[in-house]
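Visitor: Next come a sequence and a model predicted from it.
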Amino acid sequence: MAKLRYSTRIDAPAHTVWATMLDEASYRDWTRAFSEGSYYEGSWDPGSEIRFLGPGEDGSLVGMAARVVDNRPGEFVC
């Protein structure tokens, strides 16, 4: 199977991209493009649980949970 790699250059300061991706209100805005109604509950603090939620095809609430291992604002989150 061929491996594909994609990249995009975003002409904005790292802190702007960070805030857009992780702030609660703007997270809802940018995820709307692929999952209308998506949101998260929890904290981006290391060690915290965070839940990514949204409406399923049948209208039920679906999602996944994760544990934040590390968070370096403006640089890295996993």
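Guide: Sure, I can see it.
Visitor: Run through the strands of this protein in chain order.
Guide: Taking DSSP state E as the criterion, the chain carries its strands at 39-42, 49-55, 61-67, 71-72, 76-77.
Visitor: could I get those strands as JSON lines with distance to residue 28 and mean neighbour count?
Guide: C-betas here are computed from N, CA, C, even on glycine. Shown next, in JSON lines, are these (distance: least, Cβ to Cβ, whole Å; neighbours: other Cβ atoms under 10 Å):
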{"stretch": "strand 39-42", "distance to residue 28": "5", "mean neighbour count": "15"}
{"stretch": "strand 49-55", "distance to residue 28": "10", "mean neighbour count": "15"}
{"stretch": "strand 61-67", "distance to residue 28": "14", "mean neighbour count": "12"}
{"stretch": "strand 71-72", "distance to residue 28": "20", "mean neighbour count": "13"}
{"stretch": "strand 76-77", "distance to residue 28": "18", "mean neighbour count": "12"}
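Visitor: Just tell me which of these ends up closest to residue 26.
Guide: Evaluated over the strands of the chain, closeness to residue 26 peaks at strand 39-42, with 11.3 Å, by Cβ to Cβ.
Visitor: just to revisit the earlier point, could you check the strands of the chain and tell me which one is nearest residue 22?
Guide: Short answer: strand 76-77, nearest of the strands of the chain by Cβ to Cβ, at 7.2 Å.
Visitor: Counting by contacts, list what the closest one packs against.
Guide: Taking 3 or more Cβ pairs under 8 Å, 6 or more residues apart in numbering; DSSP states H and E as contact, there are no helices or strands that strand 76-77 lies on.
Visitor: Direction included, what does that strand pair up with?
Guide: Strand 76-77 sits in its sheet next to strand 71-72 (antiparallel), going by DSSP bridges.
Visitor: Please list all residues in contact with residue 15.
Guide: 73-74 (Cβ atoms under 8 Å, 6 or more residues apart in numbering).
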